[in-house]
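*Asks:* Need a 3D model of the sequence below.
(one chain, ligands or ions: 2)
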Amino acid sequence: MPTKLAIHGAAGRMGRRVVAIASQDSQIEIVAALESAGCRLLGQDAGVVAGGEKLGVPLSVVGESAADVVIDFSVPDAGIAIVDHCLKFKKPLVIATTGFESDQKEFIAKAAQQIPIVFAPSMSTAVNLVMKLTEIAGKVLKDYPSGVDVEIIERHHRFKEDAPSGTALKFGEIVAEAMELTQHVHGREGRTGKRTPQEIGYHAVRTGDNPGEHTIVFGMLGETIELRVAASNRDCYAQGAILAAKWLVGKPAGMYGMKEVLGL
Ligand SMILES: NC(=O)C1=CN([C@@H]2O[C@H](COP(=O)(O)OP(=O)(O)OC[C@H]3O[C@@H](n4cnc5c(N)ncnc54)[C@H](O)[C@@H]3O)[C@@H](O)[C@H]2O)C=CC1
Ligand SMILES: O=C(O)C1=N[C@H](C(=O)O)C[C@H](O)C1
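*Replies:* Ligands and ions are numbered 1, 2, ... in the order given. Here you go, the predicted model:
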């Protein structure tokens, strides 16, 4: 039996790619394509909106559905609303949306005591592998004699609404833990004084249609390491979210990441 999937934020840049890829997957049946009450495409066929064939699934607002699992690529407030919905109907949920406030993250963590949730700022296999490499690099370089300056540079399209990216923040968490660093510095301007060894620097570049690029710089005296991962389109995220959705069905309540989904 195919996994019955609902996609929340289905008319967005990511939602459309999830619809397009899931509709070609014999293990998936799209049963709901959910959008905001203000979406001007409500009622239109989700497959057609995604640039493909008619699926017989109209874009609709959230309501009861036959879904086995939900994928969310929307905005933080809508993400919280879909968590509420999944709690009510006991549905597994893949949260790919970024930019949540800390109280919203706490709410998601509490919800995961009742339903299974995959919550990850990047669904990409390549990005999650580079997270693993970053952890290794951080641990190896922690006590490097000349000191190591870590800076995280992310580049995204001009439409992105949160900065730094959820992925950059996750890279920062990994570095902070591996290297026991405590200061997070977002951009620099003016007479900032010398860089302190405790800093992790973040730089968010917004240009054109860039689907996402992250570079973790480990700068020593005499040599530099850069770990860079770049998407050429959004399909890596859509494919990862679909993989996570299939993996999540039947799992016990809990908070999972792509680390668990990918077995990293
Ligand atoms: N975890 C990952 O791998 C990735 C995460 N993202 C994140 O996913 C989110 C969406 O990204 P995009 O698709 O580029 O944005 P987008 O703006 O193109 O799409 C968001 C969609 O959510 C819809 N929406 C807004 N309010 C809603 C509501 N109340 N109910 C249902 N739908 C609602 C919008 O109408 C829109 O269609 C962002 O937070 C982004 O950072 C994006 C790419 C990869
Ligand atoms: O908004 C995007 O596009 C992306 N957002 C995610 C993030 O904030 O990390 C993931 C990816 O980089 C694309």
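*Asks:* This structure against ligand 2: which residues are in contact?
*Replies:* Counting by Cβ under 6 Å from any ligand atom, the residues of the chain close to ligand 2 are Thr98, Pro121, Ser122, His156, Lys160, Ser165, Gly166, Thr167, Gly212. Backbone N, C-alpha and C define where each C-beta goes, glycine included.
*Asks:* if you set the cut-off to 5 Å instead, what comes out?
*Replies:* Thr98, Pro121, Ser122, Lys160, Ser165, Gly166, Thr167, Gly212 (Cβ under 5 Å from any ligand atom).
*Asks:* Nearest residue to the last one in space, please, no chain neighbours.
*Replies:* Put plainly, it is Gly212. Ala231 (4.6 Å; Cβ to Cβ, 6 or more residues apart in numbering).
*Asks:* Roughly how far does the residue of the chain found nearest ligand 1 sit from Val83?
*Replies:* The chain approaches ligand 1 most closely through Gly12 (2.0 Å), counting by Cβ to the nearest ligand atom. From Gly12 across to Val83, the span is 18 Å (Cβ to Cβ, to the nearest Å).
*Asks:* Give me the more crowded residue out of those two.
*Replies:* Val83 (23 against 19; other Cβ atoms under 10 Å).
*Asks:* Also near ligand 1: which of the residues of the chain next to ligand 2, exactly?
*Replies:* Thr98, Ser122.
*Asks:* got a list of what the closest residue to Ile21 other than its chain neighbours touches?
*Replies:* Distance criterion Cβ to Cβ, 6+ apart; nearest residue to Ile21, sequence neighbours excluded, is Ala238 at 4.9 Å. Applying Cβ atoms under 8 Å, 6 or more residues apart in numbering to Ala238 gives the contacts Met14, Arg17, Val18, Ala20, Ile21, Ala22, Met123.
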